[in-house]
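Participant: Give me a 3D structure for the following:
(one chain, ligands or ions: 1)
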Amino acid sequence: MSRGLFITLEGGDGSGKTTQAELLRDWLDGLGREVVRTREPGGTEVGVEVREIVLHHRGDISPRAEALLYAADRAHHVATLVRPALERGAVVLQDRYIDSSVAYQGAGRVLDSREVRALSEWATEDLAPDLTVLLDLDPETARGRLDASRTRYDRLEAEASEFHRRVREAYLAIAAAEPERVVVVDAAQPAEQIAAELRARIEPLL
Ligand code: TYD
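Facilitator: Have a look, this model is predicted:
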């Protein structure tokens, strides 16, 4: 049984997850909560190695192998970092989780979404977030933001706009199916406005 709070941030590349996670961390720090900021892929030492493969391998990785690599990163991350933190009572603020696999490997790579989800549920022994923030942004706007900040794209970012459109649709479908867990935020708004909306949503859960 966990006593902490597990919050995940989801959205396309360039939707502003990192900015929001940092603003939330500062706020929660100020309230005196232990905050664990982490991410997938790459929240552990093993995960950093897996991240290097999935994001920077030169050449193809088959869709099922890609799904398994993300699930392997997730299994180790949950077992060694996320669960222990929740058991201590910490607030875990995490960039990306199972919904990323359902959106990117399911809708993006066109694998069966239920199978992709089931794989991650097995990997994590069914650890579900208490709240998921979906930063929703039109992929064209997101691409413009990325262009301004990147010198090179990773394997997923480099996918065609059609891929990113499917990812967005998949995220919105997840949010529609689980409205009690997923809060959808218009990521085109100013960062501070989004942060205020999120604080109001999270405060009652603390
Ligand atoms: P991210 O760390 O958000 O990228 P960056 O640090 O460059 O902003 O995510 C890395 C990429 O991995 C991102 O394009 C989404 C992808 N991804 C998946 O395809 N499936 C997954 O399960 C996860 C966690 C991420």
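Participant: Setting aside sequence neighbours, what's the nearest residue to Lys17?
Facilitator: Nearest non-adjacent residue to Lys17, counting by CB to CB, 6 or more residues apart in numbering: Leu9, 4.3 Å away. Just so you know, the C-beta spots here come from the backbone N, C-alpha and C atoms, and that holds for glycine as well.
Participant: pLDDT wise, what is the one you found at?
Facilitator: At Leu9, the pLDDT value in this model is 98.
Participant: does the one helix or strand it maps to come close to the ligand?
Facilitator: Following DSSP states H and E, one finds Leu9 within strand 5-11. No: Strand 5-11 stays clear of the ligand (CB under 6 Å from any ligand atom), getting no nearer than 8.7 Å.
Participant: partners of that strand, with directions?
Facilitator: Strand 5-11 has the following strand partners under DSSP bridges: strand 91-95 (parallel), strand 131-136 (parallel).
Participant: Quick one: name whatever helix or strand follows that strand.
Facilitator: Toward the C-terminal end, the helix or strand that comes next after strand 5-11 (DSSP H and E) is helix 17-30.
Participant: could you give the angle of whatever helix or strand comes next after that following helix to strand 5-11?
Facilitator: As assigned by DSSP H and E, the chain's next helix or strand after helix 17-30 is strand 35-39. Relative orientation of strand 35-39 versus strand 5-11 (axes from the mean of the first three to the mean of the last three CA atoms, to 10 degrees): 30 degrees.
Participant: does the residue nearest to Lys17 have beta-bridge partners, and which?
Facilitator: Going by DSSP bridges, Leu9 forms beta bridges with Asp95, Val133.
Participant: all helices of the chain, in order?
Facilitator: Listed in chain order, the helices of the chain (DSSP state H) span 17-30, 45-56, 63-77, 83-88, 98-101, 113-124, 139-149, 161-177, 191-202.
Participant: CSV for those, including distance to the ligand?
Facilitator: Putting the helices of the chain into CSV (distance: least, CB to the nearest ligand atom, whole Å) gives the following:
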stretch, distance to the ligand
helix 17-30, 6
helix 45-56, 6
helix 63-77, 4
helix 83-88, 17
helix 98-101, 4
helix 113-124, 8
helix 139-149, 8
helix 161-177, 8
helix 191-202, 16
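Participant: Kindly compare burial across these and name the winner.
Facilitator: helix 98-101 (a mean of 26; mean count of other CB atoms under 10 Å).
Participant: helices or strands up against that helix?
Facilitator: Packing contacts for helix 98-101, counted by 3 or more CB pairs under 8 Å, 6 or more residues apart in numbering; DSSP states H and E, involve strand 5-11, helix 63-77, helix 113-124.
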